[in-house]
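Visitor: The following comprises the amino acid sequence and a computationally predicted model.
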Amino acid sequence: MQTTKTREQKLRWGVLSTAKIGREKVIPALQKSTHNHVLAICSRDKQSAHKAADGLAIERAYGSYEELLADPEIDAIYNPLPNHLHVEWSIKALQAGKHVLCEKPLGLNTADAQRLVDAARAHPHLKVMEAFMYRFHPQWQLAKQLVDEGRIGKLHAVHSHFSYNNREPDNIRNKIDMGGGALLDIGCYSVSLSRWLFNEEPAHVLGQITPTEGEEVDCLTSGLLEFSKGTASFTAATKIEPRQYVEALGDEGSLYIDRPFYNDGSEPVQRIRVTRNRIQEVIEVPDSNHYSAMGDAFALSIFNNSQVPTPLDDAIANMRTIDALFKSAAQRQWVTL
């Protein structure tokens with residue numbers, strides 16, 4: 001296998017379902033990227049598949065997931081299905097000989113996600129990755145570098161918040177049997193970035209779920225993650241004012257990102273605020289499509305037969321922490337991992 005690829009070489013994608021995140025975010029980003037080509041999309045409703053294909057200039061539309069997986073010209077599958085279908089259809093994609101980029105979270109829990117990991121081991125020539133796109137944005141690449149290099153001294157605390165206001169009762173994020181709820185949908189970002197910044201796994205966690213009348217999923221979840229040298233705290237919510245931010249605090253300074261997970265396109269730059277001795281430096285990073293960058297990184301790992309940027313053991317570690325947070329909230333006590 002070649003070790004480098006030219007600009008013209010493309011990974012051919014099939015998209016499982018016409019999910020909104022695929023239609024509005026990931027597919028357009030892949031189409032604008034360097035090493036990707038979206039060849040096909042499918043839906044259990046063939047008319048919906050054709051409508052999406054026409055709107056996105058995708059040449060092939062299929063009326064079932066099985067039909068798309070059977071297409072021999074598709075190299076890789078993007079799986080944006082509801083959470084409870086991530087593992088099942090990712091395994092079927094592997095069995096069909098396709099590489100897999102699966103939306104986060106990888107599964108409903110650690111045991112569920114482990115089934116995909118085990119299936120991936122049985123297909124070592126295929127790549128599988130969880131689609132945590134935020135790590136591929138230049139602002140996060142720089143923020144991680146700044147923390148690792150000690151720009152704020154030794155990291156001791158991370159605070160993050162991610163919320164939106166979804167009042168649609170039929171939305172999959174409000175369905176417990178589909179893996180809805182704040183922690184799995186957006187709290188997983190806070191868990192992921194905390195582990196990433198501390199470069200280790202938490203030893204103990206404390207979770208708190210505030211009940212919401214009439215809702216079966218968690219709509220307001222907070223957590224504490226205890227690491228060997230510090231603590232991460234977060235709140236994830238699906239029924240309050242939309243907001244997001246991350247702050248990392250060290251013994252010599254702090255780092256703040258006010259739009260860590262997505263940019264609505266209203267501003268051409270992202271900003272990292274680094275404060276030392278009460279003096280703030282604002283570092284501007286040109287906005288970039290993290291979905292495009294993620295797609296290219298995944299494609300290059302296939303072309304070059306190298307490890308994917310975020311391996312499956314990272315996904316399992318994230319799920320393990322999420323499980324512990326749910327357990328802690330249920331037992332109302334600290335849980336040791």
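Guide: Here it is on my side, so go on. Numbering: from 1, shown residues only.
Visitor: distance of the closest residue to residue 307 other than its chain neighbours from residue 248?
Guide: Ranked by CB to CB, 6 or more residues apart in numbering and with sequence neighbours excluded, the top spatial neighbour of residue 307 is residue 301, at 6.5 Å. (Glycine included, C-beta is placed from N, CA and C.) Distance, residue 301 to residue 248, by CB to CB, to the nearest Å: 28 Å.
Visitor: So for these two, which residue has more residues nearby?
Guide: Higher neighbour count among residue 301 and residue 248: residue 248, with 28 against 18, using other CB atoms under 10 Å.
Visitor: Was I right to think that one contacts residue 150?
Guide: No - using CB atoms under 8 Å, residue 248 makes no contact with residue 150, being 11.9 Å away.
Visitor: how far out from the middle of the chain is the top helix by length along the chain?
Guide: Longest helix in the chain by number of residues, with DSSP state H as the criterion: helix 312-331. Relative to its chain's centre, helix 312-331 lies at 15 Å (CA atoms, centre = their mean, to the nearest Å).
Visitor: elements contacting that helix?
Guide: Packing partners of helix 312-331 (3 or more CB pairs under 8 Å, 6 or more residues apart in numbering; DSSP states H and E): helix 110-121, strand 128-131, helix 188-198, strand 204-209, strand 220-226, strand 335-336.
Visitor: Show me what it is in contact with.
Guide: If you take CB atoms under 8 Å, 6 or more residues apart in numbering as the criterion, helix 312-331 is touched by 104-107, 109-110, 112-114, 116-117, 120, 128-130, 183-184, 187-188, 191-192, 195, 201-202, 205-209, 218, 221, 223, 225, 334-335, 337.
Visitor: so where is this structure shaky, pLDDT-wise?
Guide: 1-7, 264-265 (pLDDT under 70).
Visitor: One more pass at 50, please.
Guide: Scanning the chain for pLDDT under 50 picks out 1-5.
Visitor: Helices of that one, start to end?
Guide: All helices of the chain, identified by DSSP H, fall at 20-21, 27-32, 46-56, 65-69, 86-95, 110-121, 138-148, 182, 188-198, 290-303, 312-331.
Visitor: what comes up buried for the second one?
Guide: Within helix 27-32, the residues that qualify as buried are 27-31, counting by 16 or more other CB atoms under 10 Å.
Visitor: Kindly report the same for the fifth one.
Guide: If you call a residue buried by 16+ other CB under 10 Å, then helix 86-95 has these buried ones: 86-94.
Visitor: In CSV, list those residues along with distance to residue 276.
Guide: Shown next, in CSV, are those (distance: CB to CB, whole Å):
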residue, distance to residue 276
86, 42
87, 45
88, 49
89, 48
90, 44
91, 48
92, 51
93, 47
94, 48
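Visitor: Show me the two of the residues you listed that sit farthest apart.
Guide: 86 and 94 (12.5 Å; CB to CB).
Visitor: just to revisit the earlier point, so which of the buried residues of helix 27-32 is the closest to residue 59?
Guide: residue 31 (11.7 Å).
Visitor: Look up which residues are beta-bridged to the closest residue to that closest one other than its chain neighbours.
Guide: Spatial nearest neighbour of residue 31, excluding adjacent residues (CB to CB, 6+ apart): residue 38 at 5.7 Å. Beta-bridge pairing for residue 38 (DSSP bridges): residue 13.
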